[in-house]
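> quick one, structure for this:
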Amino acid sequence: MITIHNCMVSAMEFGLLIAAGCLGIFIATIHGYLGQTLLLNQTSLRTETANRMLFAVFHLSTLYWLAGGMLLLWLAFADDARLSQWGGGLVAATYLAAAAANCWASRGRHFGWMLLTGTAVLTLVAIW
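Presented below is the predicted three-dimensional model:
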């Protein structure tokens, strides 16, 4: 039986997943652009191999966050609640791990960990 409560909860979950997905894509875009222009273009390590490794690792995290945001947007339109819970949980765990590493590495001075934590919290609220 469909009730107004069920419809409102579904709309809230939908909206939160959309917001989390958009925030994840925003984080990835800003990370990739600012990191390339402000950090990677200015950095010159001792060897070309070290430069390539830094570039690859940096942009791989950008790719993961972009994929996570896109997955959250896709899950917002999925009909399977179980799929949304597992997929959203996986993305939230990935974002929380990245937030913890970011906070630890920057000693809390970089704002990225707050954005990643916010995205993970939005996702967790949406799926539970």
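> just checking, what packs against the helix or strand hosting residue 26?
Taking DSSP states H and E as the criterion, residue 26 maps to helix 4-34. Packing partners of helix 4-34 (3 or more CB pairs under 8 Å, 6 or more residues apart in numbering; DSSP states H and E): helix 48-76, helix 81-106, helix 112-127. (Each C-beta comes from the backbone N, C-alpha and C, glycine too.)
> try 6 Å
helix 48-76, helix 112-127 (3 or more CB pairs under 6 Å, 6 or more residues apart in numbering; DSSP states H and E).
> go through these and pick out the most buried.
A comparison of the helices and strands packed on helix 4-34 by mean neighbour count, using mean count of other CB atoms under 10 Å, puts helix 112-127 on top with a mean of 21.
> and the angle for that one with helix 81-106?
Orientation of helix 112-127 against helix 81-106 (axes from the mean of the first three to the mean of the last three CA atoms, to 10 degrees) gives an angle of 160 degrees.
> how far off centre is stretch 112-125?
Taking CA atoms, centre = their mean, to the nearest Å, one finds stretch 112-125 lying 8 Å from the centre of the chain it belongs to.
> before we move on, what about stretch 78-95?
Distance, stretch centre to chain centre, for stretch 78-95: 13 Å (CA atoms, centre = their mean).
> likewise stretch 114-128?
9 Å.
> neighbouring contacts of that stretch?
Stretch 114-128 has contacts (CB atoms under 6 Å, 6 or more residues apart in numbering) with 13, 16-17, 19-20, 23-24, 27, 84-85, 88, 91-92, 95-96, 98-99.
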